[in-house]
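Asker: Give me a 3D structure for the following:
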Amino acid sequence: MEWGYRFWDRDSLYEEVWTTPLLKLAKKYGISDVGLKKICRKLSIPTPGLGYWAKKEADQPVEKIALPALKEPVRLIMHPPRPQPPPIEQFTTPAEREQVAKVREHRAAELLKAGNLSHPLIVRAREVLGRAKGDLLLWTDEPCIELQVSKAALARALKFAAALITALEGEGFKVKVGNDFREQTTATLYNQEIGFTLVERTDKVPLTVPPKGGVLERVLTHGGTPYEHKATGRFSLRIWKPWNALRKSWGDGKTRTIEDQLPEIVAGFMEIALSGKAEDKKRASEKAEAERVAAERARRAEAIRQEEARVRALHRAAADWERADRIRRMIQAAAEGAKRAGQAVEPESPFADWLAWAAQQANRLDPLMENPPSVIDAKVPSKQLFRWPRPLWRI
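Answerer: Down below sits the predicted model:
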């Protein structure tokens, strides 16, 4: 049983690799071409070499390497593709896209040169981190721009931070430092807060290299090879807020430094903020719709409750009318029976008083007549949701 996992089909992938360039094929599976090539290497699938696709496009003869047999079966899980960020057109206006495009057109060298090293946040960071201590990276509990760098790289970090802050403020945005112990530097763009930290990467380096082989190597490595961390001078700008940002980091690469990416970073901040703004608008719209649906549901529930009360009142009125009619028929039958029996029914006689009282009670029940007064009226009435007026035609 495979428990719902999907595995790479070696034969199918081999055919795809030799019919579609890796860069294009990788997009189909939602991974990078480097990642796809690693999968091919693990499955012992040969891949086209340099110039293969150019020769094939030019109708020149090319050689397709045969798929070798495996000594042992290999099974690799096919992980689901990474979710791709939505295109910027889905969550921005034309004016916002134009602003982002203009920022991308800036030259990194000009942004770096325009960085204001006299900015209050930079001056504060220079003072605080200048006296900070740290065996590897500088550390302080005083509020300042969050720069997790070594002392040797502090000047470069301050220059980059100054350029980034100046570029953001030049677009009308704000950068501030909070009072938290960590994660205290934020930029506000389009009413969205973006928290960021500049970090210097470190490498894990063995303290000593023991000789190969022999008793000495076993003794020195018995508790594991001792390591130390060394600052590399390679910077990485990391986004810690929002947690679901479109992009989480920028850093020094093999061909481009983080300073070379300044226009992309500023534009990336703007896209992250615009995406958050669109999400806030979507959540507000969904909340308003949920509140509207809840209000409509409550209105309908109240209308149903009132209608049910009216129906119950109608049923009570009909039942009272039938009871009043029965009482009147009983009164008539009683009077006729008394006359046949020769009993006096003259006014002010006890039986005549009873007949008048019974008629009054019938009138009290009848919803089509005025309600005669009675001592019962002094009783506190029970609370009812709806009561028909007396008589009914006064509605």
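
Asker: so where's the stretch 101-250 of the chain shaky on pLDDT?
Answerer: 180-183, 207-226 (pLDDT under 70).

Asker: buried residues in stretch 62-71?
Answerer: Neighbour-count burial for stretch 62-71 flags V62, L67 (criterion: 16 or more other CB atoms under 10 Å). All C-beta spots, glycine's among them, are computed from the backbone N, C-alpha and C.

Asker: Could you number the chain from 160 rather than 1 from now on?
Answerer: From this message on, residue numbering opens at 160, which makes the last subject stretch 221-230.

Asker: what does that stretch contact?
Answerer: Under the contact criterion CB atoms under 8 Å, 6 or more residues apart in numbering, stretch 221-230 has outside partners R169, D170, Y173, W177, S203, I204, P205, P207, Y211, K214, K215.

Asker: and K335, bridged to which residues?
Answerer: T345 (DSSP bridges).

Asker: so what does the longest helix along the chain touch, helix or strand wise?
Answerer: The residue-count maximum for a helix in the chain (DSSP state H) belongs to helix 421-499. Here helix 421-499 touches helix 253-263, helix 267-273, helix 313-329, strand 344-348, strand 351-365, strand 408-410, helix 509-524, going by 3 or more CB pairs under 8 Å, 6 or more residues apart in numbering; DSSP states H and E.

Asker: what's around D300, how many residues?
Answerer: 8 (other CB atoms under 10 Å).

Asker: just to revisit the earlier point, could you list which of the contacts of stretch 221-230 belong to helices?
Answerer: Judged by DSSP H, the subset of those located in helices is R169, D170, Y173, Y211, K214, K215.

Asker: Output those residues as JSON lines; include the columns distance to N275, neighbour count and pLDDT.
Answerer: What follows is the ones in helices among the contacts of stretch 221-230, written out as JSON lines (distance: CB to CB, whole Å; neighbours: other CB atoms under 10 Å; pLDDT from 0 to 100):
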{"residue": "R169", "distance to N275": "58", "neighbour count": "19", "pLDDT": "93"}
{"residue": "D170", "distance to N275": "61", "neighbour count": "10", "pLDDT": "93"}
{"residue": "Y173", "distance to N275": "57", "neighbour count": "20", "pLDDT": "94"}
{"residue": "Y211", "distance to N275": "51", "neighbour count": "17", "pLDDT": "92"}
{"residue": "K214", "distance to N275": "54", "neighbour count": "13", "pLDDT": "90"}
{"residue": "K215", "distance to N275": "54", "neighbour count": "16", "pLDDT": "89"}
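
Asker: Of all pairs in these, which one is the farthest apart?
Answerer: In the ones in helices among the contacts of stretch 221-230, two members sit farther apart than any others by CB to CB. They are R169 and K214, at 25.5 Å.

Asker: Mind checking the pLDDT average for stretch 520-532?
Answerer: Stretch 520-532 comes out with an average pLDDT of 87.

Asker: Over to stretch 180-189?
Answerer: Computed over stretch 180-189, the average pLDDT equals 89.

Asker: what's in contact with that stretch?
Answerer: Taking CB under 8 Å, 6+ apart as the rule, stretch 180-189 contacts 175-176, 179, 191-192, 194-196, 206-207, 212, 237, 239-241, 243.

Asker: Now it: buried residues?
Answerer: Result for stretch 180-189 [16+ other CB under 10 Å]: buried residues L181, L184, A185, Y188.

Asker: any chance of the residues you listed in CSV, plus secondary structure and distance to K446?
Answerer: Putting the buried residues of stretch 180-189 into CSV (DSSP: H, G, I helix; E, B strand; the rest coil; distance: CB to CB, whole Å) gives the following:
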residue, secondary structure, distance to K446
L181, helix, 45
L184, helix, 42
A185, helix, 39
Y188, helix, 37
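
Asker: quick one: which of these is nearest to P232?
Answerer: Y188 (21.5 Å).

Asker: where's the closest one relative to W167, distance?
Answerer: Separation of Y188 from W167 (CB to CB, to the nearest Å): 9 Å.

Asker: ends of stretch 293-302, how far apart?
Answerer: Counting by CA to CA, to the nearest Å, you get 16 Å between the two ends of stretch 293-302.

Asker: swap in stretch 201-215?
Answerer: 26 Å.

Asker: Sort out which residues of it are buried, please.
Answerer: By 16+ other CB under 10 Å, the buried positions in stretch 201-215 come out as L202, I204, P207, Y211, W212, K215.

Asker: For that stretch, which outside residues touch it?
Answerer: 167, 169, 172-173, 176-177, 180-181, 196, 198-199, 220-221, 224-227, 229, 233, 235.

Asker: Sort out for me which of these are in helices.
Answerer: If you go by DSSP H, those have R169, L172, Y173, V176, L181, K196, I198, C199 in helices.

Asker: nearest residue to the fourth one other than its sequence neighbours?
Answerer: By that I understand V176. Nearest-residue entry for V176: T206, 5.6 Å, with adjacent residues in sequence omitted and distances by CB to CB, 6 or more residues apart in numbering.

Asker: Give me the phi and psi angles of the one you found.
Answerer: Here is the backbone geometry of T206 (degrees, to the nearest 10): phi -120, psi 150.
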